[in-house]
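1. Provide a 3D model corresponding to the input given below.
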Amino acid sequence: MIKFCSLYSGSSGNAMFLSDGSTKILIDTGLSGKRIFEALVSIGEKPSELSAILVSHEHSDHIRGAGVISRKVDIPIYANQNTWEAMEHCIGPVSLKNIMYFDTGKEFEVGNIVIKAFPIPHDAAEPVGFNFFIENRKITTATDIGHMNKELLSHIEGSDLLLIESNHDVEMLKVGPYPWPLKKRILGELGHLSNEMAGKVVAYLADKGTRNFFLGHLSKENNFPELAYETVRNILREKNIDIEKDIRLSVALRDRAGQVVEM
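-> Numbers count the residues shown, from 1 in each chain. Okay, the predicted model is just below:
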């Protein structure tokens with residue numbers, strides 16, 4: 001049985017959990033090891049049974065707990081070479097046997113789970129999203145996306161479950177407290193995906209058959225869960241897609257584990 005849960009999701013820290021029942025993976029570890037372990041226990045999982053950590057990119061809200069967790073439960077950390085080089089000085093010493101590399105664009109395996117990392121447009125060394133193939137199902141996680149393009153859509157199409165970034169409301173960001181250079185970065189081609197664009201992506205993929213969606217990586221200052229949800233729901237309504245009947249839409253929570261999906 002597949003089990004997926006967003007443990008934390010937001011600009012202050014991200015971590016997700018995925019399991020096929022035997023292989024148990026953390027996708028990003030952007031909070032303290034203690035908080036991630038507490039979230040795992042809250043959904044009935046034992047940290048000691050973790051199989052691996054996957055890292056999407058080296059920004060601190062995705063790697064903060066990686067070294068601590070790897071040392072604590074003796075599990076490997078998987079990242080591409082450029083990400084490893086960018087983050088290794090930030091996460092502390094990691095046992096050589098637990099330093100694992102993957103090639104972006106190529107499939108690799110962790111236990112029983114087949115994984116493919118695909119490139120995303122973001123201002124990091126070599127940022128990626130992930131496809132997970134389990135029991136003829138496809139689970140996809142894709143955050144920190146500066147803009148959507150055809151290549152990225154090709155990687156996330158056909159997913160049975162997708163966690164997609166819905167970082168900010170454009171108007172809130174424009175009038176908010178951030179300095180202009182930071183606003184420009186977030187709105188830029190290598191920044192973050194807005195609620196409106198997330199809604200368009202969800203509508204497109206729902207029309208293609210995806211049924212389970214999470215909105216993730218919400219900004220604390222420039223968004224809030226109800227606004228992200230309503231923005232996406234309104235776009236879906238315009239496309240005659242009914243959230244109650246046609247798809248399942250949830251918002252990944254910033255400060256605690258969200259809905260557990262079992263497939």
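2. can you map out the strands along the stretch 151-263 of the chain?
-> Along the stretch 151-263 of the chain, the stretches classed as strands by DSSP state E, counting those that start in this stretch are 161-165, 212-216, 248-251, 261-262.
3. looking at these, which is closest to Lys46?
-> strand 261-262 (17.2 Å; CB to CB). Bear in mind the C-beta positions are built from the backbone N, C-alpha and C, glycine included.
4. Strand partners (parallel or antiparallel) of the closest one?
-> strand 3-8 (antiparallel) (DSSP bridges).
5. contacting residues around the partner strand?
-> 14-21, 30-31, 35-36, 39-40, 43, 139, 161, 163, 214, 216, 252-263 (CB atoms under 8 Å, 6 or more residues apart in numbering).
6. which of those residues are buried?
-> Among those, those classed as buried by 16 or more other CB atoms under 10 Å are 14-20, 30-31, 35-36, 39-40, 139, 161, 163, 214, 216, 252-254, 257-258, 261.
7. Let me see the contact set for Pro179.
-> Under the criterion of CB under 8 Å, 6+ apart, Pro179 has no neighbours.
8. mind checking how far it is from Asn223?
-> Counting by CB to CB, to the nearest Å, the gap from Pro179 to Asn223 is 18 Å.
9. who does the helix or strand hosting Asp28 touch, helix- and strand-wise?
-> Using DSSP states H and E, Asp28 maps to strand 24-29. Packing partners of strand 24-29 (3 or more CB pairs under 8 Å, 6 or more residues apart in numbering; DSSP states H and E): strand 15-19, strand 52-54, helix 60-63, helix 66-73.
10. residues making contact with it?
-> Here strand 24-29 makes contact (CB under 8 Å, 6+ apart) with 14-19, 36, 45, 49-56, 62-66, 69, 110, 113, 130, 132, 141.
11. With stretch 55-64 instead?
-> Under CB under 8 Å, 6+ apart, the answer for stretch 55-64 is 10-14, 27-32, 66, 77-79, 83, 86-87, 90-91, 120, 122, 124-130, 141, 143-144.
12. By neighbour count, which bits of stretch 96-106 are buried? Give me those.
-> Neighbour count says stretch 96-106 has 98, 100, 102, 104 buried, by 16+ other CB under 10 Å.
13. Spell out for me which residue occupies the centre of this structure.
-> Residue closest to the mean C-alpha point of the chain, counted by CA atoms, centre = their mean, is Thr141 at 4.4 Å.
14. for stretch 181-193, which positions count as buried?
-> For stretch 181-193, burial by neighbour count (16+ other CB under 10 Å) applies to 183, 186-187, 190-193.
15. First-to-last residue distance for that stretch?
-> 17 Å (CA to CA, to the nearest Å).
16. now the helix or strand hosting Phe37 against strand 15-19, angle please.
-> Phe37 belongs to helix 33-42 when assigned by DSSP H and E. Relative orientation of helix 33-42 and strand 15-19, computed by axes from the mean of the first three to the mean of the last three CA atoms, to 10 degrees: 40 degrees.
17. Now do helix 33-42: which elements does it pack against?
-> For helix 33-42, the packing partners by 3+ CB pairs under 8 Å, 6+ apart are strand 3-8, strand 15-19, helix 66-73.
18. Figure out which of these is closest to Ala203.
-> Ala203 lies closest to strand 3-8 among the helices and strands packed on helix 33-42, at 21.1 Å (CB to CB).
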